[in-house]
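Undergrad: Give me the fold of what follows.
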Amino acid sequence: MENFLTYDNCEVYPGPHLNMIVGANGTGKSSIVCAICLGLAGKPSFIGRADKVGFFVKRGCCKGTVEIELFKPPDNLVITREIHVANNSSTWLINKKPSSLKTVEEQIAALNIQVGNLCQFLPQDKVGEFAKLSKVELLEATEKSIGPPEMYRFHCELKNFRERERELENLCKEKTNSLEKMKQRIERYRQDVERYHERKRHLDVIEMLERKRPWVEYENVRQQYEEVKQDRDCVREELKKLKETQSPMIQQIQEIEKQFRSLDVKIKEKVPEIKETSQKCKQNQDALEKKDKQIGDIQQALRMKRDEEMDRQKRMNITRQMIADWQNELNSTGACENLQPQIDSINNDLRRLQEDKANIDSDVSDLGNEKENLKTEKKRITDRIIQLDNMMNLKEEKLKRRYRDTHSALMWLRKNRNQFKKSVCEPMMLVINMKDNIHAKYVENHISANDMRAFVFESQEDMEIFLREMRDHQKLRVNAVCAPSESWAENRPSRPIEELHQYGFFSFLRELFDAPHPVMSYLCFQYRVHEVPVGTERTRNMIERVIQETKLKQLYTAEERYFVKVSVYTNQPVSSNTPLRSAQFLIDSVDTEERRQLEEQQQGINNKLQSLDSDLTTLSERQGHLEHKDNELRQQKKELLERKNKRRQLESKIAMKHDSLRQMEQDAINLDQEAQHTNAKIKEINIQKAKLVIELKELVKDCIALNTLKVDLVLQSTTVSAKKHKLDSEYKAATGHVRALEEQFRVLDERKRSLLNHCKELMRKARQVCNLSPDEPVPQEFQTAFRDLPDTLDEIDASLNEEKSRASCFTGLNASVVEEYSKRTEEIQLLTEELEKKKKELNNYRQNISQVKERWLNPLKHLVEKINEKFSTFFNSMQCAGEVDLHTENEEEYDKYGIRIRVKFRSSTQLHELTPHHQSGGERSVSTMLYLMALQELNRCPFRVVDEINQGMDPVNERRVFEMVVKTACKESTSQYFFITPKLLQNLTYNEKMTVLFVYNGPFMLESTKWNLKAFNRRRRRVGWTDA
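TA: Below you'll find the model as predicted:
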């Protein structure tokens, strides 16, 4: 071993039989076991110490080496494993040549070395797990350890065969059930097939009736066609004779229509002339109406002039009266008194009021701004308090999920704090607040989980009251601690942190968090948090120097925790380290000091806001008083100004009214002149109206003459029209009979064509039903069948209804019934063949199981009997009882077979199965050791390792077990045995075949290359002779 755990360089030479490896705790005995395991391709989990192989390299080194030489004729096998810390990898060599892990595992397996089998390799940290092995696991480990190579293989084959056998049994059972159900179903199908054939006979009769029916229909329609054809020909002859007698009447009607059209053309020619003349008459009438409207407009304008002049006279009179009234008022008003000093005084008062109001407005604005700022700050503080409360709620929720009883106790405490004399701190995980969450892992790894959820009391009496209520009354499992009576919270570390900076330490644990005074005092007293420094990765890299120079008992690096104690053997520091767990509870810290300060700030802001509201109320009252005084002064000023300006206003108003009066006098209207001008316009318009009346009279005469001519033409047209109507009536009477005959002919002709088409359609349908081509004659077989069937449609329909009624009695049947019956028959045949095949396969599997079982079970029973014989003998020699048997509840369940160990250490008790709970630790150790000894003589593995299994034994059992180990392991036929122990009893029995390896470790040890056993023996003899 080189740079491996506690060793710099060490070489071990074990003997071929029993090897006793003895040494004090911490010297490196188990390091040899670790080297054997890892050197033989074992995994770190087999040892139970660390999960990464790099942790087994000596601290401060980047590479470690383990080399093991195995006996294997003709040339021994040398396996070398180089472990690299940087990437946690390994390099393998076989006989000094590079190799792979897979090749190494194959070489080791060929020698039947099983470092993962607890029956062969039992490290110190796995001793307790041997008793936890189930019966099945113990059987498999025993088979692998001492059984023939094929025994475990047969066992695995039996389990696989049994699994396949169960699958085949279930499959055969399912197929048998399916076959039975299919047979029952096909029986029902057989009855349906018989009914189907009966129905088919009725359907054949129906088919033949339906084939004959179109032929009967065709013959009936053909006879109707011949009758209609004869009737149509008779009507056509009669119609021809009647049309020859109507020709003269048609010529007369045509002449009358020609005369009527001529008169109608003349009437239409007169209509435009009459329309044109009437239009001219209307235009003259419109012109006359327009002239009347012009006369009315002229008269209306004259009336408006008169009304306007009357209104002007009225307004002039009103203006003169107003001038007189204002002149009288002006004359009654005396000289203007001097009001300016009073006005100036009021202006000065108003100016001072405005200054006071401006000052108050400024003060109100300043106070308002200050109030808004305080409200903003209050909102910020409130949001921060809510944020802190949310973080506390999150921590409480974690506490509730993990420790429900502690959370219930917390709720009770918050409601009942008045029952305690002194303060009570909530669970530490709630009140400890990290200054930086990244350091939470150090605190959580330092403080135990029980104390993390413990309540902290300042009074022992309060704690007893609390625990009595929680545990006795509410049945809650809670923890509580009491802070020391004298405070430890202010204790200073024995050395300042500055002295430790050179080693990479940056703080003591206490400086990384805040906590209430009682909690901090308890942690300093119980956990010495003020003395435990926290370092970095730099500390980890120089850990050997740190341990030697600082003399610290506990310390933290970036990812590990170190405990340091002084060896009672060498007086040198011995360290152990564990990796740090990730933080769970303290990563969400709430700064209680910050929350208290925030609450104080919030209260101060509330007080300031109340004071500001009071000041604003006072200023508002002063504003109202000043506003009232300002209104009074302004009213006084207004009255003085009105008195001062009244005479000036009156003079101005009188002057304005005189100007208005002069303007109205200038706007006078001459009504006589306007009347003369109006009469002249009306006279001119009347002359124009006389001309228009004369023109209208002439146009009316022309219109009357044209209308008279039109009336004469209309009368002539009426006479011709009457003659035409009379001839039309006579013609219509003559043609009515013609139309009746034509309609009768058309109906008969249509009926003839319809019957002809119907005959053709029926013929086509009849041939289609019989599957005949258009020119193909009716087959003789159809004619023979048709003769046996009815000849009329009614009889055929009656027969069809009867046959269909009989066929309808066979419901739910179709051609698929026969197909399904045939298909099911084939499926039954196939399923029967498949079932026979599976049964044959199942019988073959059962034969194979029987053969393999016989080759596995008989040797296994013989092997277990041998183990039981040895095991019982060992227990009897210790005045105890023990037995080993092959246990199973069902002989066919091969995965349930197991080895059961039953022991009895007292005569008053019965044999009990070895379990992790029933026996004590020492009893389990004795049972484990004796079982392994029972395997020793039967073992086919090259060596066995047992590490410190005697730690839990009492001296009597330890001595007995030791003697049995020596007796068993020193026989010629047994394999090599490694027995590791930190101590030995006095006066034990030894054997010449034993090899005792003493492990020493310390600063004064000789290097292995300088050790000389012969020189040591000579010196020992000289010392012994001198003493004598």
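Undergrad: name the element Arg900 belongs to?
TA: Assessed by DSSP states H and E, Arg900 sits inside strand 898-904.
Undergrad: Next: Lys375.
TA: When elements are assigned from DSSP H and E, Lys375 belongs to helix 340-402.
Undergrad: Give me the helices and strands touching that helix, please.
TA: With contacts taken as 3 or more C-beta pairs under 8 Å, 6 or more residues apart in numbering; DSSP states H and E, helix 340-402 sits against helix 404-415, helix 428-431, helix 592-666. Every residue, glycine included, has its C-beta placed from N, CA and C.
Undergrad: closest to Leu38 out of those helices?
TA: Comparing the helices and strands packed on helix 340-402 against Leu38 with C-beta to C-beta, the closest turns out to be helix 428-431 (39.3 Å).
Undergrad: for the helix or strand following the closest one, packing partners?
TA: Later in the chain than helix 428-431, the nearest helix or strand by DSSP H and E is strand 433-434. Applying 3+ C-beta pairs under 8 Å, 6+ apart, one finds that strand 433-434 contacts strand 513-514.
Undergrad: Just the CA trace of whichever helix or strand comes after the strand it packs on, in PDB.
TA: Counting by DSSP H and E, the next helix or strand C-terminal to strand 513-514 is helix 517-527. What follows is helix 517-527, C-alpha atoms only, in PDB (Å, rounded to 0.1, in the frame of the first residue of the first chain):
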ATOM      1  CA  HIS A 517     -29.800  35.800  23.600                       C
ATOM      2  CA  PRO A 518     -31.000  32.500  25.300                       C
ATOM      3  CA  VAL A 519     -30.500  30.500  22.100                       C
ATOM      4  CA  MET A 520     -27.000  32.000  21.500                       C
ATOM      5  CA  SER A 521     -26.000  31.300  25.100                       C
ATOM      6  CA  TYR A 522     -27.100  27.700  24.900                       C
ATOM      7  CA  LEU A 523     -25.300  27.100  21.600                       C
ATOM      8  CA  CYS A 524     -22.100  28.600  22.900                       C
ATOM      9  CA  PHE A 525     -22.400  26.500  26.100                       C
ATOM     10  CA  GLN A 526     -23.400  23.200  24.400                       C
ATOM     11  CA  TYR A 527     -21.800  23.400  21.000                       C
END
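Undergrad: Can you tell me what sits against helix 517-527?
TA: 423, 425, 428, 431-432, 446-447, 451, 456-458, 481-484, 487-489, 491, 509-510, 515, 529-530 (C-beta atoms under 8 Å, 6 or more residues apart in numbering).
Undergrad: Now stretch 209-227: buried residues?
TA: If you call a residue buried by 16 or more other C-beta atoms under 10 Å, then stretch 209-227 has these buried ones: Leu209, Arg211, Lys212, Arg213, Pro214, Trp215, Val216, Glu217, Tyr218, Val221, Tyr225.
Undergrad: same thing with stretch 559-574?
TA: By 16+ other C-beta under 10 Å, the buried positions in stretch 559-574 come out as Glu560, Arg561, Tyr562, Val564, Thr570, Pro573, Val574.
Undergrad: For the host helix or strand of the fourth one, name the packing helices and strands.
TA: With the criterion set as DSSP H and E, the secondary-structure element containing Val564 is strand 560-566. With contacts defined as 3+ C-beta pairs under 8 Å, 6+ apart, the packing partners of strand 560-566 are helix 543-550, strand 554-556, strand 573-579.
Undergrad: Could you identify which of the helices and strands packed on helix 340-402 is most buried?
TA: The highest average neighbour count among the helices and strands packed on helix 340-402, using mean count of other C-beta atoms under 10 Å, belongs to helix 428-431 at a mean of 23.
Undergrad: Tell me the helices and strands packed up against that helix.
TA: Applying 3+ C-beta pairs under 8 Å, 6+ apart, one finds that helix 428-431 contacts helix 340-402, helix 449-452, helix 517-527.
Undergrad: who touches it?
TA: 392, 395-396, 399, 410, 425, 447, 451-454, 456, 515-516, 519, 523, 585-586, 592.
Undergrad: follow-up on the earlier one: I'd like the helices and strands packed on strand 560-566 as a markdown table, with distance to Leu203 and mean pLDDT appended.
TA: Below are the helices and strands packed on strand 560-566 laid out as a markdown table (distance: least, C-beta to C-beta, whole Å; pLDDT from 0 to 100):
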| stretch | distance to Leu203 | mean pLDDT |
| --- | --- | --- |
| helix 543-550 | 103 | 88 |
| strand 554-556 | 99 | 93 |
| strand 573-579 | 90 | 87 |
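Undergrad: Comparing these, which stretch has the densest surroundings?
TA: Most buried among the helices and strands packed on strand 560-566, counting by mean count of other C-beta under 10 Å: strand 554-556, with a mean of 22.
Undergrad: quick check, Val693 in a helix?
TA: Yes. According to DSSP: H, G, I helix; E, B strand; the rest coil, Val693 belongs to a helix.
Undergrad: And it, how close does it get to Asp8?
TA: Val693 sits 154 Å away from Asp8, going by C-beta to C-beta, to the nearest Å.
Undergrad: Isn't Glu458 up against Phe420?
TA: No. Applying C-beta atoms under 8 Å as the test, Glu458 and Phe420 come out as separate, 9.0 Å apart.
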